[in-house]
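Peer 1: Need coordinates for the following:
(2 chains)
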Number of protein chains: 2
Amino acid sequence: MSILIVGTVAFDAIETPFGKTDKIIGGSGTYIGLAASFFYGNIKLVSVVGDDFPKETFKNFNKKGINTDGVQVVKGKRSFFWAGRYHLDMNTRDTIKTELNVLADFDPVLPENYRKPDYLMLGNIDPKLQIDVIEQLKVRPKLIAMDTMNYWMNNTKTDLYKALKMVDMLIVNDEEARQLANEFSIMKAAKVIRQMGPKYVVVKKGENGALLFYGDEVFFAPALPLEEVFDPTGAGDTFAGGFMGYLAKTKNTTFTNMKRAVIYGSAMASFCVEKFGPQRLFEIKNLQINKRVTDFVELTKFNIKPR
Amino acid sequence: MSILIVGTVAFDAIETPFGKTDKIIGGSGTYIGLAASFFYGNIKLVSVVGDDFPKETFKNFNKKGINTDGVQVVKGKRSFFWAGRYHLDMNTRDTIKTELNVLADFDPVLPENYRKPDYLMLGNIDPKLQIDVIEQLKVRPKLIAMDTMNYWMNNTKTDLYKALKMVDMLIVNDEEARQLANEFSIMKAAKVIRQMGPKYVVVKKGENGALLFYGDEVFFAPALPLEEVFDPTGAGDTFAGGFMGYLAKTKNTTFTNMKRAVIYGSAMASFCVEKFGPQRLFEIKNLQINKRVTDFVELTKFNIKPR
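Peer 2: This next block holds a predicted model:
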């Protein structure tokens, strides 16, 4: 049993109303992998970095059960870099700089022992690469989930539509769901997206929680109300990692279990935003996760038996 | 046992991306009263209208168990009128016109049989009038809840602070909570507001649900995800009316029962937005409310027993 994760491993420079960082590690693959590692011990990461990326970080990944054999290190080139500034509401941000660097020519090649994963999470990258990864697999995973963003909707629509037909689940935020479906109503957007391919759709609404759609069923999970959101970077990827990790741990992809996975994903995301970058994901312990899941139970629990 | 409601009974002209109305009936007292009437048969309404207000509407209120003896009819004057236009997101709106008319000189006088209510809901009006109503009571109600808005925070702060000290519960939307507390975080804002007087705080977040705060406890209820939100006017007041009506019906103001009341209030609000103005509140039947509450149970139900 393994989880295969495709995503960026990169540098971020983040500015929020509470402070700013120099280059720190980030990237969708980093957040997804770290979050999943709390639930499951066999995680395989596919990504690319430059030789400016600290080897120490790979050791830290490995200690957490994240195999990095599939992370290419390109000599003489620099890692993907993003710099951004969050507004006071922490829901909107400006991109200050994007340097693709090694990502511009990324051609993912799966090591032989990566080709039979049970779960596949395709982080937000060029849909052509997402397709490429799926096509290298020797066995169909139990669940393939993908993320995407407006850039691919605007620039690589054909590839994106093809990728959507190949996956079981799309995990996007509300604005992305609206744009992809060309529907303002999230309920309608989820229906339209499911006609594009994915049986399951997760719509993340940041501090306003997340919705899971499947058939005629809808499940809603709030985000944990926090006194401080320090840095939202990576929260969506952390959600996805926690979600996939929980599914893999429990070996159960029923809708009932996916609802639990949404709660665990939301719990992981609530930690992520407490400090800059992925720092909290290196600090927290399983006991804290269980405590936070209990907070979710308390937050949403009510007892009504309608007549 | 009775519920006393203070609020406007008025005309609205509403424009949404889906259409527009001429003058239709509206006002906080209208929405609160109608929503509460589904749960409880003894509702007393305090308000003021001009002689342009249709008498037929009072008959319709009375049929629903809403006593209108406390609604003053001012001869030769016109009813309060508000005209507004909603943006595409349905969360923001522009006020096109506000004509205070009779509301400018409103001096609420409670009929003798209004002065011993068990529950009091003070809709959004001048806090001086909210205080005036409380001071006319002969018995302290089991629960006094009030609404307010940014206008009173900006213009009648002293009265507002005094009113807050006299009530048990504040029911406001997220922007109002932020402004009142001068805190962006809703969690922090609720704490600050509770220090101003109300033991209970409800923060309504429109399509993103509602939070109930009391002591160290927090309860979150989502809004029902709808395919179409046709007209959000009155949804917040409808929530408050359903909430108070349910508490009165069940004669129970424990936190556990207030959580149920939040769900019933949310269910009522989900009907309100389906048509222009309060129209849906004249149409729906109790069976539909129970069905919708079941939808809430399904939407939010998950089964986790953390270790």
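Peer 1: how near is the most centrally placed residue in chain A to residue B:131?
Peer 2: Centroid-nearest residue in chain A: residue A:237, 2.5 Å away (criterion: C-alpha atoms, centre = their mean). Distance, residue A:237 to residue B:131, using C-beta to C-beta, to the nearest Å: 51 Å. C-beta: built from backbone N, CA, C; applies to glycine.
Peer 1: Could you do residue A:219 as well?
Peer 2: For residue A:219, the distance to residue B:131 - C-beta to C-beta - is 44 Å.
Peer 1: Show me which of these two is the more surrounded one.
Peer 2: residue A:219 (22 against 19; other C-beta atoms under 10 Å in any protein chain shown).
Peer 1: Surely the more buried one is within a strand?
Peer 2: Yes. Residue A:219: assigned to a strand according to DSSP: H, G, I helix; E, B strand; the rest coil.
Peer 1: show me the contacts for it.
Peer 2: The contact partners of residue A:219, taken as C-beta atoms under 8 Å, 6 or more residues apart in numbering or on different chains, are A:211, A:212, A:255, A:258, A:259, A:262, B:299, B:300, B:302.
Peer 1: Retrieve the pLDDT associated with it.
Peer 2: We note a pLDDT of 97 for residue A:219 in this prediction.
Peer 1: And for residue A:307?
Peer 2: Residue A:307 is assigned a pLDDT of 57 by the prediction.
Peer 1: ditto for residue A:261
Peer 2: 98.
Peer 1: At the contact with chain B, which residues of the stretch 101-250 of chain A appear?
Peer 2: Contact residues (C-beta under 8 Å from any C-beta of the partner chain) of the stretch 101-250 of chain A with chain B: A:184-188, A:205, A:208-209, A:211, A:217-222, A:225-229.
Peer 1: burial count for residue A:40?
Peer 2: Look at residue A:40: counted by other C-beta under 10 Å, it has 21 neighbours.
Peer 1: actually residue A:214, not the one I typed
Peer 2: Number of residues near residue A:214 (other C-beta under 10 Å) recorded here: 20.
Peer 1: now do the one 10 residues further on
Peer 2: By other C-beta under 10 Å, 22 other residues sit near residue A:224.
Peer 1: For my notes, confirm it occurs in a helix.
Peer 2: No. Counting by three-state DSSP, one finds residue A:224 to be coil, located in no helix.
Peer 1: thought it was touching residue A:265?
Peer 2: No. Judged on C-beta atoms under 8 Å, residue A:224 makes no contact with residue A:265 at a distance of 11.7 Å.
Peer 1: Overlap in contacts, the two.
Peer 2: Joint contacts of residue A:224 and residue A:265 (C-beta under 8 Å, 6+ apart) do not exist.
Peer 1: show me the contacts for the residue of the stretch 51-200 of chain A found nearest chain B.
Peer 2: For the stretch 51-200 of chain A and chain B, the shortest gap (C-beta to the nearest C-beta) falls at residue A:187, measuring 4.6 Å. By C-beta under 8 Å, 6+ apart, residue A:187 lies in contact with A:218, B:225, B:226, B:227.
Peer 1: which residues in the stretch 151-300 of chain A form helices?
Peer 2: Applying DSSP state H, counting those that start in this stretch to the stretch 151-300 of chain A gives helices spanning A:157-166, A:174-181, A:186-195, A:235-250, A:255-272, A:279-283, A:286-300.
Peer 1: Tell me the buried residues in the fifth one?
Peer 2: It stands for helix A:255-272. Going by neighbour count (16 or more other C-beta atoms under 10 Å in any protein chain shown), the buried part of helix A:255-272 is A:257-272.
Peer 1: Kindly export it (C-alpha atoms) in CSV.
Peer 2: Listed next in CSV are the C-alpha coordinates belonging to helix A:255-272 (Å, rounded to 0.1, in the frame of the first residue of the first chain):
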residue,chain,number,x,y,z
PHE,A,255,-18.7,8.1,1.2
THR,A,256,-19.1,7.7,5.0
ASN,A,257,-15.4,7.3,5.4
MET,A,258,-14.7,10.2,3.0
LYS,A,259,-16.7,12.4,5.3
ARG,A,260,-14.4,11.5,8.2
ALA,A,261,-11.4,12.1,5.9
VAL,A,262,-12.7,15.6,5.2
ILE,A,263,-12.8,16.3,8.9
TYR,A,264,-9.2,15.0,9.4
GLY,A,265,-8.1,17.1,6.4
SER,A,266,-9.7,20.1,7.9
ALA,A,267,-8.0,19.5,11.2
MET,A,268,-4.6,19.3,9.5
ALA,A,269,-5.3,22.6,7.6
SER,A,270,-6.2,24.2,10.9
PHE,A,271,-2.7,23.5,12.2
CYS,A,272,-1.0,24.6,9.0
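Peer 1: Briefly note if that helix comes near chain B.
Peer 2: Yes. For helix A:255-272 and chain B, the contact criterion (C-beta under 8 Å from any C-beta) is met by A:256, A:259, A:260, A:262, A:263.
Peer 1: List the residues that contact the second one.
Peer 2: By that I understand residue A:259. Residues counted as contacts of residue A:259 (C-beta under 8 Å, 6+ apart) are A:212, A:219, A:221, B:301, B:302, B:303.
Peer 1: That one and residue A:212: what is the separation?
Peer 2: Distance, residue A:259 to residue A:212, by C-beta to C-beta: 7 Å.
Peer 1: list residues touching both of those two?
Peer 2: The contact sets of residue A:259 and residue A:212 overlap at A:219, A:221 (C-beta under 8 Å, 6+ apart).
Peer 1: hang on, the earlier thing: so which of the contacts of residue A:219 comes closest to residue A:138?
Peer 2: Among those, residue A:258 lies closest to residue A:138 (C-beta to C-beta), at 25.6 Å.
Peer 1: Distance of the nearest residue to residue A:160 once chain neighbours are set aside relative to residue A:146?
Peer 2: Closest residue to residue A:160 apart from its sequence neighbours, by C-beta to C-beta, 6 or more residues apart in numbering or on different chains: residue A:127 at 4.4 Å. As judged by C-beta to C-beta, residue A:127 and residue A:146 stand 8 Å apart.
Peer 1: cool, and residue A:274?
Peer 2: Distance from residue A:274 to residue A:146, by C-beta to C-beta: 27 Å.
Peer 1: do the same with residue A:102
Peer 2: Using C-beta to C-beta, residue A:102 is found at 21 Å from residue A:146.
Peer 1: who's more crowded, the two?
Peer 2: Using other C-beta under 10 Å as the criterion, residue A:102 and residue A:146 rank with residue A:146 on top: 29 against 25.
Peer 1: partner residues bridging the more buried one?
Peer 2: Applying DSSP bridges to residue A:146 yields these beta-bridge partners: residue A:122, residue A:170.
Peer 1: Does it touch residue A:162 like I think?
Peer 2: No. Between residue A:146 and residue A:162 there is no contact under C-beta under 8 Å: 11.5 Å.
Peer 1: Identify the contacts common to these two.
Peer 2: The contact lists of residue A:146 and residue A:162 share residue A:127, where a contact means C-beta under 8 Å, 6+ apart.
Peer 1: Make a ChimeraX selection of the buried ones in the residues of the stretch 101-250 of chain A next to chain B.
Peer 2: Buried residues among those (16+ other C-beta under 10 Å), as a ChimeraX selection:
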select /A:185,186,187,188,205,208,209,211,218,219,220,221,222,225,226,229
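Peer 1: before we move on, back to that, so of the helices of the stretch 151-300 of chain A, which one's packed in deepest?
Peer 2: Among the helices of the stretch 151-300 of chain A, helix A:235-250 has the highest mean neighbour count (mean count of other C-beta atoms under 10 Å in any protein chain shown), at a mean of 28.
Peer 1: Give me the helices and strands touching that one, please.
Peer 2: Contacts defined by 3 or more C-beta pairs under 8 Å, 6 or more residues apart in numbering or on different chains; DSSP states H and E place helix A:235-250 against strand A:3-6, helix A:28-37, strand A:119-122, strand A:143-146, strand A:169-173, strand A:200-204, helix A:255-272.
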